[in-house]
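Participant: predicted model and sequence below, questions to follow.
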Amino acid sequence: MPKRVKKSKREINEMLQGYAFITPAILVLMVFFVISIVFAVYLSFNKVDLFTGQYTWNNFENYKNIFKDPRSIIALKNTAIFALFVVPTQTIVALVMAYILASRDIKGKKVFRMVYFLPTLTSSSALTIIFMFLFNINGPINHFLMNLGLYQSPINFLQEPAYALKVIMAMNIWSTVPYFMTIYLASLVDLPYSLYEAAEIDGANAFDKLRYITIPYLRPITTYVLLTGIIGTFQMFDQAYIFSNGSGGPNNSTLTLSLLIYQNAFGQMPTMGFAAALAVVLSIIIFIVSRIAEKLNGGNE
Amino acid sequence: MKNWKKALTVGVLALASITMVACGNKSDNGADETDFKGKTLKVGVWGGNESEEKTLKSIVADFEKETGATIELKTYTDYNTQIQTDLIGKTAPDVFYVDSSYFPFLASKGALAPLDEKAFSSDDYYANLTKAFTEDGKLYAIPKDFSTLALYKNTKMFEEVGVDPESVPQSYEELVTWLPEFQEKLDAKYGKGKVKAMSYTDELSRSYHLAARDGAKPIKEDGKPDLENAKVVDNLSILKKLIDTKAVATPQELGAGWNGEAFGTGKIAMMDEGNWVYQTLKEEFSDIPFSVSPMPTYKDKEGSMMFTVGWGKYAGTKSSALADEWIKFATGKEAMTKWVNGTGTLPTREDVATTAEISKNEDLKIHLNAVDYSTVWQKGTSLATINKAYQNYWPEVASGKTSLEDAMKKADKQAIDDIEKAE
């Protein structure tokens, strides 16, 4: 059993200095994270008017409203569909692209990597505008598909509820894949090439190598990609906001939870409490979904 | 070694504590000040186009020269959101832009200080504009400029298809029957689907004057929406009829951000737009010749929308007298003349309307004359909520998926849900 040694003066001094150095960071964290989060939770149980500083406890009314309000159910559904489709797609595409670009036989890899990375550098609001141009009723996508003979009269992608969210999905996948691809690539650089060579001797083809070497090797990275992907998609806001001019339309088809939170928090109605309740629910959902994804991927092994 | 470490520790701690110290509150709001030399006034505006920014800077410079005070401009990018947080955090500028549609909200929160009508000689301004900033008989902001909608025509396009711009019918009802033929000519000249005869903006802020025609009330006195009212639906049906001609579309459907861009890039032959587009067309799309005429009549009545912005004084200001001074200066004859000449907006004072360059500009005069019959975009605090619901369901109406009546019912329900949730 180690004997408790009384700390020397020098050690105490060092300890104090250590605390002194982290004080600014702790203060910032306290103000901008801890206190804000606690305050948001507090808000979610009250009817709030921030202007007058009036907080009235309203017996979980905000939380009850979430289930009574048809729009929050729609928003929840939209967000879930969005995440369910976007996260797996972007992860798989990013992984396959990284695998291909990491292979030794591809010429001009650097150029590809750079070109693929460009969408990530562009701001998502600018991308939204570009996509709205591409997909508008007289836009290039409609022309292209019509020239292929897929359909005769142009589809109004932007104002048809059936398509609006899908356009945003496509854009989101297109712009986030390169980022995740780069993360995968960074890890693949460390993968010993001898593993592939050994597999080739055993008669493995490209798919086998991906399936049995690359994917298992990248599992921890996949966990990270999945988590950031889930968090990012559940918090999707800017694209939907620009797309629908803040309304969540057409017919609520682009209404996401974050957009609904924004509408309630900064509208002219005193519904900050409801917005806070939605935010709390959203973070619980993100937490649960992330844990499930982590478990499924075996990230804790 | 030890000493400098200690010094550093103390330094860091001191720095941390300084950031925590709040400034002491002064109860004096500076209402009795007369000498402004060396004083600072915070002024909140939203970013406009280039000409607006330039003109504002020039007016600021004039003011600083005259009073010796310093103006600190704060430019908002997302005004409605940012001013809220500033007001809640009690860090709002002393004087800031107040949009007419946002005014009821700010007034209901007590964010604005009442202004003395006599001291600001409120009679110099158009009465329906000062009315937009009056609540319970008290004036809260001085209108600085306003805009109205008018019909813009691309005259080159009309010439190319051989139609006289003057022959465009002057009522919405006639337009419905006139547009298809015009659209055919446009299709024949530019190719099918390349150019639309007319564009519209699918917001209640643009169609409210139509919806409210013949004494209809799209929004009830208590702030609840009544878009499903038979009269309102009948009024709005004209928009649906226009869309059904296939000659009318939103700028977004044409791949443009707003009417001005669609017009400037030659995607539409006509649009209804506010005079803020005037300067943009002159400067950015100078190759497009255009003419301006009043909005078409509907149900035998003239009508248009009017948007006005005023200067309001923050209720918690510490330099009240200087704030008054700035508002008086910026809305005074001299500064307003400079403002409207520089920006192409409309003056809120009749004396400026007769002396500024606008009196010689036939196009802008059409916008100015609309002041007599236009509806101010303002109606209680539920306006934004109702507009949002309207925008949400309008595309379904446009595409024909939902009947106008059903869509308005849905919009009403959404808005009522939102309003009731807040109660």
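Facilitator: Done, it's in. Everything numeric here is computed off the predicted structure, so don't read it as measured data. Residues are numbered from 1 along each chain as shown, chains lettered A, B, ... in the order given.
Participant: and residue B:196, how many residues sit next to it?
Facilitator: 25 (other C-beta atoms under 10 Å in any protein chain shown). Heads up, the C-betas are built off the backbone N, CA and C, glycines and all.
Participant: so it is in contact with residue B:247, correct?
Facilitator: Yes: the criterion here is C-beta atoms under 8 Å, and residue B:196 meets it with residue B:247 at 6.2 Å.
Participant: which neighbours do these two have in common?
Facilitator: Residues touching both residue B:196 and residue B:247 (C-beta atoms under 8 Å, 6 or more residues apart in numbering or on different chains) are residue B:183.
Participant: show me where the stretch 201-301 of chain A has helices.
Facilitator: A:206-209, A:215-217, A:219-234, A:238-243, A:257-266, A:272-297 (DSSP state H, counting those that start in this stretch).
Participant: could you give the mean pLDDT of the third one?
Facilitator: So that's helix A:219-234. The pLDDT scores in helix A:219-234 average 92.
Participant: and the gap between residue B:276 and chain A?
Facilitator: Per C-beta to the nearest C-beta, to the nearest Å, residue B:276 is found 17 Å from chain A.
Participant: now that residue, nearest residue through space, not along the chain?
Facilitator: residue B:147 (5.6 Å; C-beta to C-beta, 6 or more residues apart in numbering or on different chains).
Participant: what helices or strands is whichever strand or helix holds that neighbour leaning on?
Facilitator: Element membership for residue B:147 (DSSP states H and E) is strand B:141-154. The contact analysis (3 or more C-beta pairs under 8 Å, 6 or more residues apart in numbering or on different chains; DSSP states H and E) places strand B:141-154 against helix B:127-132, strand B:268-274, helix B:276-283, strand B:290-293, strand B:304-313, helix B:333-343, helix B:362-369.
Participant: can you list these in a markdown table and add mean neighbour count and mean pLDDT?
Facilitator: Formatted as a markdown table, those follow (neighbours: other C-beta atoms under 10 Å in any protein chain shown; pLDDT from 0 to 100):
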| stretch | mean neighbour count | mean pLDDT |
| --- | --- | --- |
| helix B:127-132 | 19 | 91 |
| strand B:268-274 | 25 | 94 |
| helix B:276-283 | 19 | 87 |
| strand B:290-293 | 19 | 95 |
| strand B:304-313 | 26 | 95 |
| helix B:333-343 | 20 | 90 |
| helix B:362-369 | 19 | 91 |
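Participant: any idea which of the ones you listed gets closest to residue B:99?
Facilitator: strand B:304-313 (5.5 Å; C-beta to C-beta).
Participant: what angle do the helix or strand just after the closest one and strand B:141-154 make?
Facilitator: Downstream of strand B:304-313, the next assigned helix or strand under DSSP H and E is helix B:320-330. Orientation of helix B:320-330 against strand B:141-154 (axes from the mean of the first three to the mean of the last three C-alpha atoms, to 10 degrees) gives an angle of 30 degrees.
Participant: show residues contacting helix B:320-330.
Facilitator: Outside helix B:320-330, the residues within contact range by C-beta under 8 Å, 6+ apart are B:29-34, B:36, B:39, B:41, B:43, B:59, B:62-63, B:66-67, B:69, B:71, B:94-95, B:113, B:115, B:119-120, B:142, B:144, B:311, B:313-314, B:317, B:335-336, B:339.
Participant: OK, contacts around residue B:211?
Facilitator: For residue B:211, the contacting residues are B:204, B:218, B:227, B:232, B:235-236, by C-beta under 8 Å, 6+ apart.
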